[in-house]
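Visitor: Predicted model and sequence follow; I will ask about them next.
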Amino acid sequence: MSKMAEMAAEIEDMYFDDNLDIWEIAKLTGLPAEDIRGFIDEMKEQDEYDEPWDGFNSDAEADADALASAGFGTDEDYGCSAEDML
C-alpha cells in the first residue's frame, strides 16, 4: 500500500471509527485542516453514490441464472462450445 493510501485509510479510521474531528486529525497528522476537510467531504460524496445491496441480483444476473438453470449455460460453464456438445 502506498504512503498516500495508508494516510487516507488512517484519516478515514480517525474520522469515522474514532470520531475525531477535523482539527484533531489535522493536529495528529500534521496536514492542513482544509485538506482533511476536503478528503472527508470527498469520502462522504462517494458514499452517497454507493447503493446498498438489496439482496437481489440485477436483471442481467437473474436472467443468466435462469438460463443456466434451464440448460443454457455459457462456454465457461462447460469448458466447450455449443457445437462440441452436439
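Guide: All right, it came through fine. Numbering: from 1, shown residues only.
Visitor: pLDDT on the helix or strand containing residue 34, on average?
Guide: If you go by DSSP states H and E, residue 34 is part of helix 33-49. Averaging pLDDT along helix 33-49 yields 83.
Visitor: That helix: which residues count as buried?
Guide: Within helix 33-49, the residues scored as buried using 16 or more other Cβ atoms under 10 Å are 36, 39-40. Yep, even glycine has a C-beta here, placed from its N, CA and C like the rest.
Visitor: Below-threshold pLDDT in this structure: ranges please.
Guide: Flagging of the chain using pLDDT under 70 yields the residue ranges 47-57, 69-86.
Visitor: Break it down into its structural domains.
Guide: Following automatic domain parsing, one finds the domains of the chain at 3-49, 56-86.
Visitor: ranking the ones you listed by burial, who's on top?
Guide: Mean neighbour count (mean count of other Cβ atoms under 10 Å) peaks for domain 3-49 among the domains of the chain, with a mean of 13.
Visitor: Helix or strand: which one has residue 66?
Guide: helix 59-69.
Visitor: I'd like to know which elements that helix is packed against.
Guide: Applying 3 or more Cβ pairs under 8 Å, 6 or more residues apart in numbering; DSSP states H and E, we find helix 59-69 packed against no helix or strand.
Visitor: Could you write out the alpha-carbon coordinates of that helix in CSV?
Guide: The C-alpha coordinates for helix 59-69 follow below in CSV (Å, rounded to 0.1, in the frame of the first residue of the first chain):
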residue,chain,number,x,y,z
ASP,A,59,-31.9,-8.2,-14.1
ALA,A,60,-28.9,-9.4,-16.2
GLU,A,61,-27.6,-11.7,-13.4
ALA,A,62,-31.1,-13.0,-12.8
ASP,A,63,-31.6,-13.8,-16.5
ALA,A,64,-28.2,-15.5,-16.6
ASP,A,65,-29.1,-17.6,-13.6
ALA,A,66,-32.4,-18.6,-15.2
LEU,A,67,-30.9,-19.5,-18.5
ALA,A,68,-28.1,-21.5,-16.8
SER,A,69,-30.6,-23.5,-14.7
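Visitor: Make residue 1 into 553 and carry on from there
Guide: Renumbered: residue one is now 553, and that last one reads helix 611-621.
Visitor: Please identify the helix or strand for the closest residue to residue 585 other than its chain neighbours.
Guide: Nearest residue to residue 585, sequence neighbours excluded (Cβ to Cβ, 6 or more residues apart in numbering): residue 578, at 4.1 Å. Element membership of residue 578 [criterion: DSSP H and E] is helix 574-581.
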